[in-house]
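S.K.: Only the shape, not the letters, is given here:
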């Protein structure tokens, strides 16, 4: 909350200054600040998903540099950490890049709400220099996925961008400096999932980034440990300019911040990752990955999203093994025709990438899940199909009841017979 107040307080002053280094340098991409969508607490996860969809879309538009309110909060937090360790020369030096980042004339604000079963997003375009609302748009849909698409179209109308057939932004690829590139990983936010899941994925994100040669990575937990170490040293009489603080300050002087979120919408998990350029105070790249599957597959989804964040397409071939709770069925992987499934299936030479897997079996509901294949690795996918309910006359208990009724009817008929019955026939019928 403190960071949010700082952002709101800085915007009017910095936008009006007109003295930023970006302007002095000449024409550049237009900066647009997108505020977090306001919403009721129960709808916060959906509001975050729609906001991320808007930023992902605007980030792909040439001529626009979009920055979200939550992204500014992350940058401000990092600047404050650096200042607390004297890793920058002054407060102004720490915030100089952020002044350029918020030097935007156009601001996008909005709100997410519901009207019955319909989701509604209202967007407003604010001209910061004139302090007026320059335009407004709205989008509505019956589910969050369709709402994200409608909201993207609405922001295009609002800003006048995204016209069909227009020029596309060049594909992003992170360049590792000859002497190495440093990045700090900020904890992933949790929306609609357990905080522990977000923390575990943050750890996996840190480990995955460390796999890239030349990229040194520090996690938020490690930063917190360093800050505590610095505080302890200071209490023991260590001055601000001692070597212990210099080393820690250097560690915080990273080139990039990596942050994002993990949430759940409907039957899908959504992972959003952002790569922030610290010196340029901008988001260099964003990526989002959705997964229809179970929590164990999230580790693979995170790896796939991490490669996409750095602009490194996956390549090569790997193996996919499918295990299910049925003995036989029909298995379809990706766009391929269904193959026979018998107690298990192994596809040893699949191209690396994301796959949708569908398994069908007689007497069971079809099941669709998504997974990933990576070069030289074997991916195991477990599928638990639900059994379809059988017709009443196919159940064993139906015939057990019928048998009991028949036996009871026969016994009753016998008991009602006279002691010396005359000859005849007893008929028992069941309708």
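M.R.: Received, thanks. Bear in mind that the values here come from a model prediction, so they are computed numbers and not experimental data.
S.K.: So which residues of the stretch 51-200 of the chain form helices?
M.R.: 69-84, 91-101, 144-159, 195-209 (DSSP state H, counting those that start in this stretch).
S.K.: Point out the one among the ones you listed that comes closest to residue 356.
M.R.: Shortest distance between residue 356 and those, using CB to CB, is found for helix 144-159: 15.7 Å. Where you see a C-beta, it was placed from the backbone N, CA and C, and this is true even at glycine.
S.K.: and that closest one, what does it pack onto?
M.R.: On a contact count with 3 or more CB pairs under 8 Å, 6 or more residues apart in numbering; DSSP states H and E, helix 144-159 meets helix 44-59, strand 106-115, strand 118-127, strand 132-141.
S.K.: Next, the angle from it to strand 118-127.
M.R.: Interaxial angle of helix 144-159 relative to strand 118-127 (axes from the mean of the first three to the mean of the last three CA atoms, to 10 degrees): 20 degrees.
S.K.: rewinding a little: worst mean pLDDT among the helices of the stretch 51-200 of the chain?
M.R.: For those, mean pLDDT drops lowest on helix 91-101, to a mean of 51.
S.K.: okay, which residue is most central for the chain?
M.R.: Nearest to the geometric centre of the chain sits residue 271, at 1.8 Å (CA atoms, centre = their mean).
S.K.: beta partners for that one?
M.R.: residue 262, residue 289 (DSSP bridges).
S.K.: what sits against it?
M.R.: 188, 201, 260-262, 288-291, 298, 301-302, 305 (CB atoms under 8 Å, 6 or more residues apart in numbering).
S.K.: please redo it, this time with the cut-off set to 7 Å
M.R.: By CB atoms under 7 Å, 6 or more residues apart in numbering, residue 271 lies in contact with 260, 262, 288, 289, 301, 302, 305.
S.K.: Reformat these into a markdown table and put distance to residue 356 and neighbour count next to each item.
M.R.: Shown next, in a markdown table, are those (distance: CB to CB, whole Å; neighbours: other CB atoms under 10 Å):
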| residue | distance to residue 356 | neighbour count |
| --- | --- | --- |
| 260 | 23 | 27 |
| 262 | 20 | 28 |
| 288 | 17 | 20 |
| 289 | 14 | 23 |
| 301 | 13 | 22 |
| 302 | 18 | 26 |
| 305 | 17 | 24 |
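S.K.: got the buried residues for stretch 351-361?
M.R.: 352, 353, 354, 355, 357, 358, 359, 360, 361 (16 or more other CB atoms under 10 Å).
S.K.: right, and the helices of the stretch 51-200 of the chain - which one's nearest residue 327?
M.R.: Using CB to CB, these put helix 195-209 closest to residue 327, at 33.3 Å.
S.K.: could you say what helices and strands that closest one packs with?
M.R.: If contacts are counted by 3 or more CB pairs under 7 Å, 6 or more residues apart in numbering; DSSP states H and E, helix 195-209 sits against strand 181-185, strand 189-191, strand 215-219, strand 256-265, helix 298-309.
S.K.: Next, the buried residues of the third one.
M.R.: Neighbour counts using 16+ other CB under 10 Å place 215, 217, 218, 219 of strand 215-219 among the buried residues.
S.K.: Show me where the stretch 101-250 of the chain dips below the pLDDT cut-off.
M.R.: 101-103, 162-168, 226-227, 229-250 (pLDDT under 70).
S.K.: looking at the helices of the stretch 51-200 of the chain, which is closest to residue 367?
M.R.: Short answer: helix 144-159, nearest of these by CB to CB, at 20.0 Å.
S.K.: The closest one vs strand 256-265, what angle?
M.R.: Using the same axes, to 10 degrees: helix 144-159 against strand 256-265 is 130 degrees.
S.K.: who's in contact with helix 144-159?
M.R.: Residues contacting helix 144-159 (CB under 7 Å, 6+ apart): 32, 46, 49-50, 53-54, 57-58, 108, 119, 121, 123, 125, 135, 137-141, 162, 265-266.
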